[in-house]
Structure formats: structure tokens, C-alpha cells
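Asker: sequence unavailable; structure follows:
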Ligand code: COA
């Protein structure tokens, strides 16, 4: 797939988001390609870890807003839901190299990766509310658990962007690296799984996630229901149109 490049080298399956002209915004076809790549990596015994990465300066600007407007995702069979489940169900370690901006699902997917390395140029943001939406991918559950309510409220209710070092401090990321080194560093960390017994790695990942798994699925279902109806709300329509008309949204009428 043109906008999702995959390659397996030295035991690491790389999933590279490559749509720089749209800041790596994720379309339905891209979610589907990433879901397929995760499933293929899981099934390939030669793969010991997965690496998800973006382009210089941008990891991903999140869901394609035109898709949100024209083809809002519906139900558990939508490509985005399939991608979310594939990442959640991936039994192998998933390493993220956050090469730059990470908006919306660009940040919330990190909560489901195992090792996260962030460029010193990265800006992370979850501006769901500014879009008339609500948090997704169990971020409304996981973020308050990581950083407490008030810090999560800055990120989820005000949509305040934050840096890679804030992400490290919050427990979302492992380390901040210079922009030119983040992918290589993440790759080296992913390659370390080549020297480890894969069964023990898999069992450890499952044990570490066991406590939250059911609650994560429950949160995703609850969020998904509200998110779906919010996508069709006048608030969201105003936010999406304002983005494409390159103007400030006007929420004063709601
Ligand atoms: N969906 C669709 N198109 C997007 C997009 C998205 N999520 N993010 C960026 N684009 C497009 C822009 O419309 C623009 O297209 P154009 O060149 O045809 O006008 C192009 O990508 C470049 O984006 P631009 O906003 O000019 O880049 P920037 O460097 O000034 O800002 C971002 C980068 C990521 C901060 C900004 O694009 C942004 O905020 N995007 C929306 C993020 C978002 O709300 N995502 C959804 C979260 S749920």
C-alpha cells in the first residue's frame, strides 16, 4: 500500500506511515493496511518485534478529517476498529518511533505500544474536544491512570499539546532522542528482542496487559458509542469545516 510501507529486516517488521503531503493523516485504507501488517507480523515466526514509525517531522496527524466528515467509521468492523484491535491483540513487542507531531490516535496508539521513543521535535496532542469529539482507544481510562485526573484534563479536555519530555515524565514514552536518531534508536531496541526467547517475551507482555485488558475493551466500546454519535454532531461538523476552511471554529452558537 502506497501510504503504508512495510518491510521485515533482522527480525523487525516495520510499519512506516508515509503520507507526508497530508501530514500522515490516516485513511480507512491505511488503517486496514496497518491492521493487516500487524496480523502478518504476528503470524510470521521470523518477526520478533514490530516497529511503527512515521516521516521526519510528523508521526501522524491522526484520523483523516475528510474521512471523518464523509465516511464516519461505523462499528467494530470499521478499518480503524480493526487496526485498534490488531495492535491490542499483537502478542509481539511493538516499538514506536515518534518522528514528530502525533495527533489524536497518533498519541493514543502509543498507550498500546510496549516501547516508545520520541523525537525532540515531537508535539503530542489529543484535541478530541476541540473537534467536538471524545477521547478514543481507551485513553479516557488509561491516561488518568498514568498521570492522574488534572494532568489528563489538560490533555484530554483542553487538548493542550505536550512535548516528548512531558510524555516521558508522564510514563507514555521511554526516552527523547534527537530527531535524526529516533528511528535508528527505536530499531536497535526492537532488534534486542532477537536475542531473547520469544515465548517468554510473549507471556510477559500478556501478563503485563492482563489486568487492564477487559477494562480497555469496555472503555473502547463505551467511548466508541459516544464518539460515533459525536462525529455526526453539529459541533463536530463546525470543527471539521473550520479546519478545511483554515479558520477558527465558532462554538458560540452551541
Ligand atoms: N486529516 C486530513 N488532512 C489533514 C490532516 C488530517 N488529520 N492533517 C493535516 N492535513 C492536511 C491539511 O489539510 C493540509 O492539506 P492541504 O495542503 O491540501 O491544505 C496538509 O495536510 C498540511 O497540513 P497543515 O495543517 O498545513 O500542516 P501544519 O504543519 O501547519 O500543521 C498539524 C500540522 C498536524 C498540526 C495540523 O495539520 C493539524 O492540526 N491537523 C489536524 C489534526 C487533527 O485534528 N487530527 C484528528 C485528531 S482526532
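Answerer: Done, it's in. Predicted model, so just to flag it, every value in this text is computed and none were measured. Numbering: from 1, shown residues only.

Asker: for the residue in the chain positioned nearest to the ligand, which non-adjacent residue is spatially closest?
Answerer: In the chain, no residue comes nearer to the ligand than residue 104, which is 2.7 Å away by Cβ to the nearest ligand atom. In this view, the C-beta of every residue, glycine as well, is placed from N, C-alpha and C. In space, and not counting its chain neighbours, residue 104 is closest to residue 62: 2.8 Å by Cβ to Cβ, 6 or more residues apart in numbering.

Asker: pLDDT score for the one you found?
Answerer: Residue 62 carries a pLDDT value of 98.

Asker: cool, residue 247 as well?
Answerer: 98.

Asker: so is it in a helix, a strand, or just coil?
Answerer: Under DSSP: H, G, I helix; E, B strand; the rest coil, residue 247 falls in the coil class.

Asker: helices along this protein, start to end?
Answerer: 28-43, 65-70, 79-89, 105-108, 139-147, 149-156, 164-170, 182-191, 198-231, 234-244 (DSSP state H).

Asker: for the ligand, what are the nearby residues on the protein?
Answerer: Applying Cβ under 6 Å from any ligand atom, one finds that the chain approaches the ligand through 22-23, 25, 61-66, 101, 103-104, 127-128, 131.

Asker: buried ones in the helix or strand of the chain with the lowest mean pLDDT?
Answerer: Least confident helix or strand, the chain: helix 65-70 with a mean of 93, by mean pLDDT, DSSP states H and E. For helix 65-70, burial by neighbour count (16 or more other Cβ atoms under 10 Å) applies to 65, 67-69.

Asker: which strands or helices does that helix pack on?
Answerer: helix 234-244 (3 or more Cβ pairs under 8 Å, 6 or more residues apart in numbering; DSSP states H and E).
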